[in-house]
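Colleague: Return a 3D structure for these sequence lines:
(chains A and B)
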Protein chains: 2
Amino acid sequence: MKKIAVLGYGVVGSGVVELFYRNQKKIEINTGEQLEIGYILDLREFPGDPYADRVVHDIQVILDDPEVGYVAECMGGVNPAFEFVKRCLESGKSVATSNKQLVAEKGDILLETAKQHGVNFFFEASVGGAIPIIRPLHTCLAANDISSVAGILNGTTNFILEKMFCDNMGFADALELAQKLGYAEKDPSADVDGGDACRKICILSSLVFGKHVYPDQVYTKGIRDITLEDVQLAQKFGGAVKLIGAVKRLDDGKILPTVMPMVVMNESLLSHVNGVFNAVMVWGDGIDKTMFYGRGAGKLPTASAVLGDIIDEVKQTGTVLSQSWEPAEEGVDFVAPIDAFSAPRCYRTSPCGKGVFAKIAAEVGVELLGSAENGCMISVCDQKTAEAYKQKLAQEGVTILSRIPVLED
Amino acid sequence: MKKIAVLGYGVVGSGVVELFYRNQKKIEINTGEQLEIGYILDLREFPGDPYADRVVHDIQVILDDPEVGYVAECMGGVNPAFEFVKRCLESGKSVATSNKQLVAEKGDILLETAKQHGVNFFFEASVGGAIPIIRPLHTCLAANDISSVAGILNGTTNFILEKMFCDNMGFADALELAQKLGYAEKDPSADVDGGDACRKICILSSLVFGKHVYPDQVYTKGIRDITLEDVQLAQKFGGAVKLIGAVKRLDDGKILPTVMPMVVMNESLLSHVNGVFNAVMVWGDGIDKTMFYGRGAGKLPTASAVLGDIIDEVKQTGTVLSQSWEPAEEGVDFVAPIDAFSAPRCYRTSPCGKGVFAKIAAEVGVELLGSAENGCMISVCDQKTAEAYKQKLAQEGVTILSRIPVLED
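Modeller: Coordinates of the predicted model:
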C-alpha cells in the first residue's frame, strides 16, 4: 500500500480526494497498486469533512512518512508550494501539480530535482485543465518535429469573447456576466490581461522546444481593449476573435511565444471552441495538425488531470526524461523579440473607400484578403511591412482604430 | 543500439521509415537509446530505394535477430499479419501496429501474448491515425469512469457528408469526387458502409470497457442511404449529419457500440469537424468531456502514431497492463442488442402539417424539438417509443422517408 498526500484542500485538492475515492478500484486496477489518501495538508481544519482525520498542518509529517510515494500539489502560488514540492522530490516522492505559476516560474529547477532523486514531477493539470496535452506531446507525438502550438488557454476570456461574438455584448457587460456566473474573479486582470494564458504558453514552449521559457519573455496582450466593433469586423471577414497563446519556431531556430487576441478564421476548428472550454492545436511534420479540447478549469476536470499524473507516476520505474526541459541558457537569446512576429492582419479603421486598402496593399506588397467600409484584412507580413501599411493609411487620412493579427492555420 | 523492423513497405511502412530518419536524433534523445531501421519485410524488391539494403522477404530473419527489439506492423489485413505479429511477440519483440482489422479481430489474443512475454503490443495508429487517443484514454484519463465515446472515425465518409452539407452535392456526386481526389477507394464499401468505423469503435470499446468487442457485435449502418434532403433537414434543425462510431455504457452495465449516421447539433464541436479529419469525443465523470482531433489517415500522420508507439515501447520496462483488455466471456452478453438504443430522433417525412408532429409527440410522451414541413426532431426516446411515433405518423397518412438518431452531447 502506497499513500498519496494532497497539499491544499481547496477546490482542486478536494476534487482530487473526491475523484480518487469515487474511482479508487478502477485506479488500483490500472496501476496494479493499492493506494490511499494518507494526508491532506492545509492550514485550516475541516470539522465534519469525511476525510478530516487525514488533515495535517505540517509538511514534515508527510516528508517523514516513507509510505507516502506520491504528492498532489494543489495549493497554487509559488510560496510555499515551491519549497514544499522541492522537499517532497528530495525525499523521493513523485509530485503532480495543477499549479501553472509554479511550473512556469520554477519548472526547470523542480524537473532537475526530480531527476536527481529518480522521481517524477508531472504537471498535466497546469495547462488546459482536464485536457490531455502534456503527456501526448512528449509521447504520442514524439516522432514529430513540432513547429508550432496555438491554443485557447483561458476559459474566462473565451467566454467573454463568445458573448461578444454571439450575443453582441460589449466587453464590460460580458465581463460582468462572467463574474456573475463565477467564471471571472472580482479582480479579473490575471485572465483578461493574459497573465494566465502566458504561464500556460511558457509551459508548452518549454516542453516542446526544450528550454525553460519564463513569463517575462513572452509578449503578452490581453483582451481589455477588444471592442464589439472588432469582433464584428472579424465576423464580417469570416473569423472570430480569440485570445490565443501561441509559440512558433522561426527560421533562425529561435522561438516566438506570444499571448494576444487574434482573429481565428472559421475554417480552423479553434474558432468553434466556445464557452469556458480550452483547446490546443499542435502542428508537426508527421501529424500535420492535431487538436485537444476540453474543460480548462474546474474542480473535477483539474482533479482528473492531477490523478492521471499520479497514476502514471505509480507505474513509472524512474524519471521520465522526455517530460522535462533544460534551464534557459544565460546570455543566449532562445526567445526572439516581438519584432520577429509575422502574420496576416486585420485592421479596423475610420470609414474609408475600399480602393484605398487595395491601393496600399499593392504598394507595400501584401494581398488584400478582405475589405469593408471600416477595415480590411491583409495577407501575412512582418512587423515592418505592417508598420508601412499603417503609415500609408495614416497618410491617406485613415485612422486605425485597432489591429489584430490573424492566426495562420 | 536496437533495431526496428518494419513489416510491409507500402504507404504506412515507407512513412515510418521516412519519418524515423527525418527525426532520428530527436527520437534518440527522447528514448535515450540509439535506434536503427534494421529490416523492412516485403514480398517486393525496391531497387533504387535508399533503404533497399534492409529489405528482406522472410520473417524468420527478423525473428532470429536478437537486436530487433521493436516491430512496426504496417501490412494490413489479418493474414499473415496475425501470425507474424504473434511470433514477434513470442520472440520478445514489442510490436506497434496501424492495422485496425488485426486489433479489432485478434487484439485480445495478441495482448495476452505480449503479456506472457513481457513485451508490448501497441496500436495508437489503428484508431484516428495521427490523433493521440489510445494512450490518453488509459493514462491521462485513467482517473475517470468513462461513460461514453463518440467519434468521426472515418475521413472518407466525413468528406462526402461535408460536400453534401456545404456544397449541396448528392451522395453519388460527392462519392465520385472523393474517389477522384483519392480519398475513397474504387470499391468504397468499407468506408461508406461503416465497416472501417466499426473496427475502430470495437477497439475503443474494448479498451474503455475492458472486454473484447468484435466487429459482428456492433450494429453498423453506413451512409449510402443518406440523401441531400436528409442533410438539409438536419441543417434546418441546426445540425449536421455525420457518420458516428459510438459506445455507451447502459444502466444495466452492458455496453452498446454502434456505427450509424447521426445528426450532430452545431453546439457540439464534433459537428464542425470537416474534410477527411477525424475526431473522438470522450465523456467521463471527472473530465465532463474532452475531444481529440486530427488526420485519421495518410502516410506520415499514421507513421507518426506508429513511431510514437515504438518510442514508448523503448521506454517501457515491461508490459503496460492498462493498455489491454480481457477476452470476451463465453455466453455472457456484455454487448447489449440494438433494441436497447435510445436517442433523440430526426424524421424526414412526406409534407405534413406541423400540428401533426406536435400532437403525436404529446401522445407518445416525447418533446418536439423542431419541426418543418417535411420532418421533425423529437427528444430522447427508446426504440419502442420511436416505433410508436412512427406508427402513429403512418396512421395520419404521413410517409417516413428517413430517420436519423441525434447524438446527445
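
Colleague: Just give me the neighbour total for residue A:203.
Modeller: 24 (other CB atoms under 10 Å in any protein chain shown). C-beta: built from backbone N, CA, C; applies to glycine.

Colleague: I'd like the distance between it and residue A:149.
Modeller: In this view, residue A:203 and residue A:149 are 11 Å apart by CB to CB, to the nearest Å.

Colleague: where does residue A:248 land in three-state SS?
Modeller: Classification of residue A:248 using DSSP: H, G, I helix; E, B strand; the rest coil returns strand.

Colleague: List the residues that contact it.
Modeller: A:147, A:148, A:255, A:256 (CB atoms under 8 Å, 6 or more residues apart in numbering or on different chains).

Colleague: Just the buried residues from the residues you listed, in ChimeraX please.
Modeller: To isolate the buried subset of those in ChimeraX, counting by 16 or more other CB atoms under 10 Å in any protein chain shown, use the following:
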select /A:148,255,256
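
Colleague: Name the nearest of the contacts of residue A:248 relative to chain B.
Modeller: Of all the contacts of residue A:248, chain B sits closest to residue A:147, with 12.0 Å by CB to the nearest CB.

Colleague: Neighbouring strands - and their directions - for the one helix or strand residue A:72 maps to?
Modeller: Residue A:72 is part of strand A:68-73, with elements assigned from DSSP states H and E. Paired neighbours of strand A:68-73 in the sheet (DSSP bridges): strand A:2-7 (parallel), strand A:94-97 (parallel).

Colleague: So which of those is the most surrounded?
Modeller: strand A:94-97 (a mean of 28; mean count of other CB atoms under 10 Å in any protein chain shown).

Colleague: Show me the contact partners of that one.
Modeller: Applying CB under 8 Å, 6+ apart, the contact partners of strand A:94-97 are A:69-74, A:81, A:85, A:88-89, A:103, A:110, A:114, A:119-126, A:306-307, A:309-310, A:313, A:316.

Colleague: Which ones among those residues map onto helices?
Modeller: A:81, A:85, A:88, A:89, A:103, A:110, A:114, A:306, A:307, A:309, A:310, A:313 (DSSP state H).

Colleague: if I look at the closest residue to the last one other than its chain neighbours, how far off is residue A:309?
Modeller: Put plainly, it is residue A:313. The shortest distance from residue A:313 to any non-neighbouring residue, by CB to CB, 6 or more residues apart in numbering or on different chains, is to residue A:94 (4.0 Å). Between residue A:94 and residue A:309 the distance, using CB to CB, works out to 9 Å.

Colleague: tell me, what's touching those two both at once?
Modeller: Joint contacts of residue A:94 and residue A:309 (CB under 8 Å, 6+ apart) are residue A:122.

Colleague: where does the nearest residue to residue A:213 once chain neighbours are set aside fall, helix, sheet strand or coil?
Modeller: Leaving aside its sequence neighbours, residue A:213 sits nearest to residue A:205 (CB to CB, 6+ apart; 4.2 Å). Put simply, residue A:205 is helix when judged by three-state DSSP.

Colleague: which residues touch residue A:205?
Modeller: Residue A:205 makes contacts with A:149, A:213, A:218, A:247, A:255, A:257, as judged by CB under 8 Å, 6+ apart.

Colleague: same thing with residue A:167?
Modeller: With contact set as CB under 8 Å, 6+ apart, residue A:167 has these partners: residue A:174.

Colleague: make it 10 Å
Modeller: Contacts for residue A:167 (CB atoms under 10 Å, 6 or more residues apart in numbering or on different chains) come out as A:173, A:174, A:177.
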